[in-house]
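>>> heads up, no residue letters with this:
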């Protein structure tokens, strides 16, 4: 989904960015997420820069972006779908967090890729189910 935003020129269209975001995007000269390597015009050749290597773009992994990029994507996605799309506020995040039973001291095994329990990088967004939520 984030690639669609990038391919549609989301990084070049001011209307999706608030003032802080546009300032950051302009200063950083960002054209796509920082860890993406290659040319957006050749999506099959895009790579993702991990901690120790570059890998073929894993399209089922989350896009690792900053809050400014994520908010711009949400505005674009809302325009595309006609649905309300936004980042969760702190109270919503806490509600989501409470869907995971227990906390670190009680885990026999981490219920997700947390604290490097499985990998030092991300993983597919549908890898660790928590009921109907991943």
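On my side now, so go ahead. Values in this document were obtained by computation on a predicted structure and should not be read as measured data. Residues are numbered from 1 along each chain as shown.
>>> only C-alpha atoms for contact and neighbour calcs from this point on.
Fine.
>>> what are the boundaries of the strands in this structure?
Here the chain has its strands, by DSSP state E, at 36-37, 47-49, 54-56.
>>> how about the ones you listed in JSON lines, adding mean neighbour count and mean pLDDT?
As requested, those are exported to JSON lines (neighbours: other C-alpha atoms under 10 Å; pLDDT from 0 to 100):
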{"stretch": "strand 36-37", "mean neighbour count": "18", "mean pLDDT": "97"}
{"stretch": "strand 47-49", "mean neighbour count": "18", "mean pLDDT": "96"}
{"stretch": "strand 54-56", "mean neighbour count": "14", "mean pLDDT": "96"}
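>>> so what touches stretch 91-104?
Stretch 91-104 has contacts (C-alpha atoms under 8 Å, 6 or more residues apart in numbering) with 110, 111, 130.
>>> all helices of this structure, in order?
Along the chain, the segments classed as helices by DSSP state H run 2-7, 19-28, 67-81, 90-97.
>>> pick the most buried one from these.
Mean neighbours per residue, mean count of other C-alpha atoms under 10 Å, is largest over these for helix 67-81, with a mean of 18.
>>> got a list of what the nearest residue to residue 65 once chain neighbours are set aside touches?
The shortest distance from residue 65 to any residue that is not its chain neighbour, by C-alpha to C-alpha, 6 or more residues apart in numbering, is 5.9 Å, and that residue is residue 33. The neighbours of residue 33, taking C-alpha under 8 Å, 6+ apart as the test, are 63, 64, 65.
>>> report how many residues lie close to the last one.
The reference is to residue 65. Look at residue 65: counted by other C-alpha atoms under 10 Å, it has 14 neighbours.
>>> phi and psi next, for it.
Residue 65 adopts backbone torsions of phi -140, psi 170, taken as degrees, to the nearest 10.
>>> quick one: it from residue 106, how far?
According to C-alpha to C-alpha, to the nearest Å, residue 65 stands 31 Å off from residue 106.
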